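1. The amino acid sequence is not available; the structure is as follows:
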């Protein structure tokens with residue numbers, strides 16, 4: 001079982017009974033996991049939580065599970081499903097009938113999960129219904145009862161009275177998950193009304209009832225008239241009441257009769273003007289099969305893909321494999337059980353055209369309809385295409401999808417999003433003669449409203465499109481800034497295009513390590529807000545310096561700041577860039593005041609030039625990492641340096657000594673794990689001013705640390721660095 005149920009049980013206990021009660025319950029069953037919705041857990045964990053909770057909270061199992069079900073509904077509303085739930089249906093019956101459809105879209109997130117299924121009887125109405133619940137995991141029907149009660153009350157102001165009619169075990173497949181618990185619920189829904197003052201009674205039943213809808217005399221006359229018409233045209237056997245004997249069946253018949261008086265009577269044509277040939281062309285991917293699962297009729301596209309299906313003895317199992325509902329065989333009985341669920345069938349490759357042998361199998365998704373006149377089933381479907389790649393891999397075209405199929409619109413909308421977000425799609429062939437250009441498609445979307453002749457609609461569509469495009473541009477820029485904060489520019493651009501470059505060896509790279517002198521004492525004796533304010537000020541300016549000199553910050557942990565240049569693209573000025581970055585850090589540090597001593601922050605910096613191995617770590621948030629002796633030596637140069645000095649290795653000295661930098665020899669030093677070496681201190685760049693190194697206009701604003709000591713009217717711990725990118729002046733290297 002996936003972790004979402006466990007997480008809901010945990011949150012329910014914490015919110016309803018407190019954190020201490022959950023800790024007690026977790027100790028009873030030795031539950032230590034932090035549950036993640038998409039991870040798998042043993043089914044016994046959920047059972048143990050329920051068992052321990054009912055014992056600790058002194059609750060019966062059934063009421064506890066019903067409360068959990070009600071909490072689950074509110075939990076889903078809070079965590080991203082509010083809009084879907086609010087717009088799913090008009091009444092309780094429609095809500096229940098569409099639960100399977102909603103769950104079918106969760107199957108991609110929960111690949112191995114065998115979803116529960118819901119189906120209402122055909123003669124159910126909005127206030128009386130029979131619900132069938134199928135689940136691979138038995139014992140959770142009370143959660144379902146609590147869930148639908150809460151949904152009915154919150155969405156439709158209806159109180160549900162639910163009874164369990166039967167609870168059986170049924171086999172739907174020879175698969176190990178092929179057994180289902182089948183629970184049948186009898187549900188009566190009553191409107192929740194505020195108490196009102198009754199007018200004089202005008203109903204046939206002269207009683208005061210606010211919980212039920214009364215029967216008007218006009219309604220009774222309308223029903224009588226309708227029954228007489230049915231009796232005259234079809235005979236007395238056609239009357240609903242004549243078909244049923246049991247008391248349970250009678251209320252169903254009465255529900256049907258009462259439905260006739262609710263203001264809408266459909267007009268059924270005597271004959272359908274569409275001929276069979278046109279029918280199979282209009283619905284090219286449909287299949288009609290009888291109770292023995294023999295194919296009676298199929299759409300023209302299915303016949304073209306699987307020519308032998310035209311044989312009158314063809315059976316569904318020979319041509320299709322049932323993928324969804326999961327862990328169920330393609331049988332007539334299972335179709336009846338799960339008829340309210342979307343069905344996904346996979347065409348058997350051996351039955352398809354020979355040209356299809358090397359392509360991925362084609363999936364078709366649709367809905368099953370029971371044809372009551374002869375017991376057959378009509379499967380109305382279309383290709384299950386989720387992305388342009390699905391079309392290309394199967395060598396299909398957009399023209400292969402029916403014009404009325406919403407998949408076309410989704411694919412074009414997906415293309416519009418990708419183009420708008422900077423993800424180039426190129427072009428895709430719709431058929432042999434027609435090509436859709438991704439760059440022109442956006443203009444066409446606004447033209448559809450113009451073609452309709454409605455100028456107001458045209459303006460509305462274009463206005464919405466402009467707003468969406470503007471929001472999309474803003475999101476794209478935020479996304480780019482986020483990528484560039486963690487990745488060098490060339491790698492960030494490659495990953496945005498869907499390319500993931502391999503790790504590489506970089507022979508000439510310069511690395512820099514920087515830390516704050518006395519940082520441990522600083523942390524121990526200052527307020528946390530002051531410590532964070534100083535780090536924020538420094539790192540904001542350090543990041544600004546990396547933009548001035550086009551270096552890259554690999555990592556910053558605590559007071560340690562790690563910069564490299566010369567990777568992932570080689571750069572002949574890598575040592576100069578890092579040297580100027582180090583000088584800029586010293587200048588910035590001298591402008592930041594320590595709240596502990598009132599004096600300027602002191603830094604210690606180390607530089608080394610050599611080779612590195614670097615690459616992108618593929619995770620949810622890609623990061624660029626570098627490894628090798630160069631990073632180790634640079635770190636040791638920093639740790640063996642002196643306060644307010646830039647300690648330089650001999651390789652870095654050789655790289656910058658003739659580039660206008662002033663350096664002083666320090667002498668030979670010993671570093672653990674490294675042979676003794678002559679090192680140097682970097683003093684200044686004699687060819688550049690301080691403002692040029694920092695990237696500020698001449699006489700620009702200096703960095704200040706703002707807190708309560710300087711009398712400025714700001715909140716404690718705030719900082720006031722100059723972080724406006726508009727005045728960052730890049731340093732020119734020639």
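-> Everything's here; your move. Keep in mind it's a predicted model, so treat the numbers as computed, not measured. Numbers count the residues shown, from 1 in each chain.

2. can we go C-alpha only for contacts and neighbour counts from here?
-> OK.

3. Residue 348 touches residue 322, doesn't it?
-> No. At 10.4 Å, residue 348 and residue 322 do not qualify as touching, with contact defined as Cα atoms under 8 Å.

4. who's more crowded, these two?
-> residue 322 (19 against 16; other Cα atoms under 10 Å).

5. Name the residues linked to residue 181 by a beta bridge.
-> Beta-bridge pairing for residue 181 (DSSP bridges): residue 135, residue 169.

6. what about it, how many neighbours?
-> 20.

7. got it, and residue 534?
-> Neighbours around residue 534, by other Cα under 10 Å: 25.

8. do you know how far it is from residue 341?
-> Distance, residue 534 to residue 341, by Cα to Cα, to the nearest Å: 59 Å.

9. so what pLDDT did residue 232 get?
-> Looking at residue 232, its pLDDT is 72.

10. residues contacting residue 173?
-> 179, 327-329 (Cα atoms under 8 Å, 6 or more residues apart in numbering).

11. Please give the element, helix or strand, for it.
-> For residue 173, there is no host helix or strand (DSSP states H and E).

12. Mind pulling the model confidence for it?
-> The per-residue pLDDT reported for residue 173 equals 84.

13. Can you list phi and psi of it for me?
-> phi -170, psi 160 (degrees, to the nearest 10).

14. and it, how far is that from residue 115?
-> 15 Å.

15. Then residue 677?
-> When residue 677 is compared with residue 115 (using Cα to Cα), they lie 67 Å apart.

16. now the strands for the stretch 301-450 of the chain?
-> Applying DSSP state E, counting those that start in this stretch to the stretch 301-450 of the chain gives strands spanning 320-324, 343-347, 363-371, 376-383, 427-429, 435-437.

17. what angle separates the third one from strand 343-347?
-> Right, strand 363-371. Angle between the axes of strand 363-371 and strand 343-347 is 120 degrees (criterion: axes from the mean of the first three to the mean of the last three Cα atoms, to 10 degrees).

18. Contacts made by strand 363-371 with the rest, please.
-> With Cα under 8 Å, 6+ apart as the contact definition, strand 363-371 has outside contacts at 285, 335-336, 339-347, 376-385.

19. One more pass at 6 Å, please.
-> Here strand 363-371 makes contact (Cα atoms under 6 Å, 6 or more residues apart in numbering) with 339, 342-346, 377-384.

20. mind listing what it pairs with, with the direction of each?
-> Note on strand 363-371: by DSSP bridges, its sheet partners are strand 343-347 (antiparallel), strand 376-383 (antiparallel).

21. on that earlier part again, max pairwise distance over the contacts of strand 363-371: which two?
-> The largest separation in the contacts of strand 363-371, counting by Cα to Cα, is between 377 and 384 at 20.0 Å.

22. quick one: which of the two has more around it?
-> Remark: of residue 377 and residue 384, residue 377 carries more neighbours, 24 against 18, as counted by other Cα under 10 Å.

23. For the contacts of strand 363-371, give me a markdown table that also has pLDDT and distance to residue 594.
-> Shown next, in a markdown table, are the contacts of strand 363-371 (pLDDT from 0 to 100; distance: Cα to Cα, whole Å):
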| residue | pLDDT | distance to residue 594 |
| --- | --- | --- |
| 339 | 89 | 71 |
| 342 | 89 | 65 |
| 343 | 92 | 67 |
| 344 | 92 | 66 |
| 345 | 94 | 69 |
| 346 | 93 | 69 |
| 377 | 94 | 79 |
| 378 | 95 | 78 |
| 379 | 94 | 75 |
| 380 | 94 | 73 |
| 381 | 93 | 70 |
| 382 | 92 | 68 |
| 383 | 93 | 67 |
| 384 | 90 | 63 |
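
24. I'd like the distance between residue 528 and residue 157.
-> Separation of residue 528 from residue 157 (Cα to Cα) stands at 51 Å.

25. repeat for residue 686
-> 79 Å.

26. Between the two, which has more neighbouring residues?
-> residue 157 (17 against 11).

27. for that one, what are its contacts?
-> Residues near residue 157 by Cα under 6 Å, 6+ apart: residue 192.

28. tell me the pLDDT at it?
-> Confidence at residue 157, expressed as pLDDT, is 90.

29. and if you look at residue 513?
-> 94.

30. Am I right that it sits in a helix?
-> No. Residue 513: not assigned to a helix; according to DSSP: H, G, I helix; E, B strand; the rest coil it is strand.

31. which non-adjacent residue is nearest it?
-> Distances taken as Cα to Cα, 6 or more residues apart in numbering place residue 562 nearest to residue 513, at 4.8 Å, with adjacent residues excluded.

32. helix, strand or coil for that neighbour?
-> Under three-state DSSP, residue 562 falls in the strand class.

33. thinking it is in contact with residue 546, fair?
-> No. Using Cα atoms under 6 Å, residue 562 is not in contact with residue 546, being 11.0 Å away.

34. And the two? Which one has more around it.
-> Set side by side, residue 562 and residue 546 show more neighbours around residue 546, with 23 against 20, by other Cα under 10 Å.

35. quick revisit: residue contacts, the residue nearest to residue 513?
-> Here residue 562 is in contact with 512-513, 553-555 (Cα under 6 Å, 6+ apart).

36. Just the buried ones from the residues you listed?
-> Buried members of the contacts of residue 562, counted by 16 or more other Cα atoms under 10 Å: 512-513, 553-555.

37. Looking at those residues, which is nearest residue 126?
-> Residue 126 has its nearest neighbour among those in residue 555, at 60.4 Å by Cα to Cα.

38. what's the spacing between the closest one and residue 573?
-> In this view, residue 555 and residue 573 are 21 Å apart by Cα to Cα.

39. repeat for residue 617
-> Counting by Cα to Cα - residue 617 and residue 573 are separated by 27 Å.

40. Then residue 101?
-> 60 Å.

41. In space, what's closest to residue 320 - neighbours in sequence excluded?
-> That would be residue 347: by Cα to Cα, 6+ apart, it lies 4.8 Å from residue 320.

42. which intervals of the stretch 451-600 of the chain have sub-threshold pLDDT?
-> Applying pLDDT under 70 to the stretch 451-600 of the chain flags residues 451-467, 469, 479-480, 482-486, 495-500.

43. where does the stretch 151-300 of the chain have low pLDDT?
-> For the stretch 151-300 of the chain, the ranges with pLDDT under 70 are 194-220, 231, 233-265.

44. Can you show me the strands along it?
-> Under DSSP E, counting those that start in this stretch, the stretch 151-300 of the chain gives strands at 158-171, 179-191, 287-289, 295-298.

45. Can you tell me which helices and strands the third one packs against?
-> Going back to what we said before, that points to strand 287-289. Contact partners of strand 287-289 among helices and strands, from 3 or more Cα pairs under 6 Å, 6 or more residues apart in numbering; DSSP states H and E: strand 295-298, strand 376-383.
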